[in-house]
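Trainee: build the 3D model from these lines:
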Amino acid sequence: MTKAAGIIQAEHGRHAAVLQCLDNLARDIDVKGRAPDFVLAHLIVTYIREFLDCFHHPKEDAYLFKALCKRCPEIIPTLDALAVEHETGPLLLDAVERALEDYEMKGSIAYLPFRDAVRSYVAFERAHVMREETEVLPRARELLTKGDWDVIDAVFTANEDPIFGAVVQERFRRLFTAIVELAPTTYVQSPAV
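Mentor: Numbers count the residues shown, from 1 in each chain. Below you'll find the model as predicted:
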């Protein structure tokens with residue numbers, strides 16, 4: 001496995017853990033009568049927004065997807081659909097954030113729209129990651145050359161990049177750790193960070 005493929009899968013794993021935490025948080029308010037944890041919910045939204053939109057997706061779009069388009073033209077419709085999903089996800093997350101703020105201000109009367117926004121977003125993201133894991137990464141491993149992977153690996157492992165460098169990565173590690181520490185232990189299993 002290339003370094004980049006391993007990093008992508010690890011990032012998907014952390015994203016899945018945070019999605020599970022958000023899903024559990026919303027569900028347990030209704031199912032278990034748990035009080036809403038607005039601090040945790042806001043941390044999760046912040047992590048997802050900054051991690052996916054500023055860190056993860058730009059690297060996939062600009063490097064992995066671009067290289068795969070050159071080697072496998074038949075996968076272009078799938079990659080185009082995933083790129084559109086990279087634009088749609090933030091809109092669904094906006095809906096979660098608006099519903100969260102509304103719930104925080106109005107109380108229990110606004111819970112159902114929050115729960116429904118979370119359910120929609122989580123289902124969307126899970127399906128998106130599944131497509132990347134089952135359709136894109138296997139084809140990339142099969143078809144990309146060593147030269148392709150060298151470029152992609154360099155981007156995904158770069159420590160000096162001003163956008164994706166170690167300082168930014170450390171911020172995401174701290175944010176992820178804060179989520180794991182705030183969440184009840186049943187909400188999320190902490191993957192290696």
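Trainee: so His86 is in which element?
Mentor: helix 76-106 (DSSP states H and E).
Trainee: likewise for Cys21?
Mentor: helix 3-31.
Trainee: okay, the angle between that helix and helix 76-106?
Mentor: 40 degrees (axes from the mean of the first three to the mean of the last three CA atoms, to 10 degrees).
Trainee: which ones are touching Glu125?
Mentor: His15, Leu19, Gly89 (CB atoms under 8 Å, 6 or more residues apart in numbering). Placement of C-beta: from N, CA and C, glycine included.
Trainee: now those residues: which count as buried?
Mentor: Among those, those classed as buried by 16 or more other CB atoms under 10 Å are His15, Leu19, Gly89.
Trainee: so Thr186: helix, strand or coil?
Mentor: With DSSP: H, G, I helix; E, B strand; the rest coil as the basis, Thr186 sits in coil.
Trainee: make sure Gln20 is actually in contact with Thr186.
Mentor: No - Gln20 lies out of contact with Thr186 (CB atoms under 8 Å); the separation is 10.1 Å.
Trainee: of these two, who's got more company?
Mentor: Neighbour totals were compared for Gln20 and Thr186, and Gln20 leads with 16 against 10 (other CB atoms under 10 Å).
Trainee: tell me how far the more buried one lies from Arg119.
Mentor: Distance, Gln20 to Arg119, by CB to CB, to the nearest Å: 13 Å.
Trainee: so, low pLDDT: which residues of the chain?
Mentor: 1, 159-169, 172, 188-193 (pLDDT under 70).
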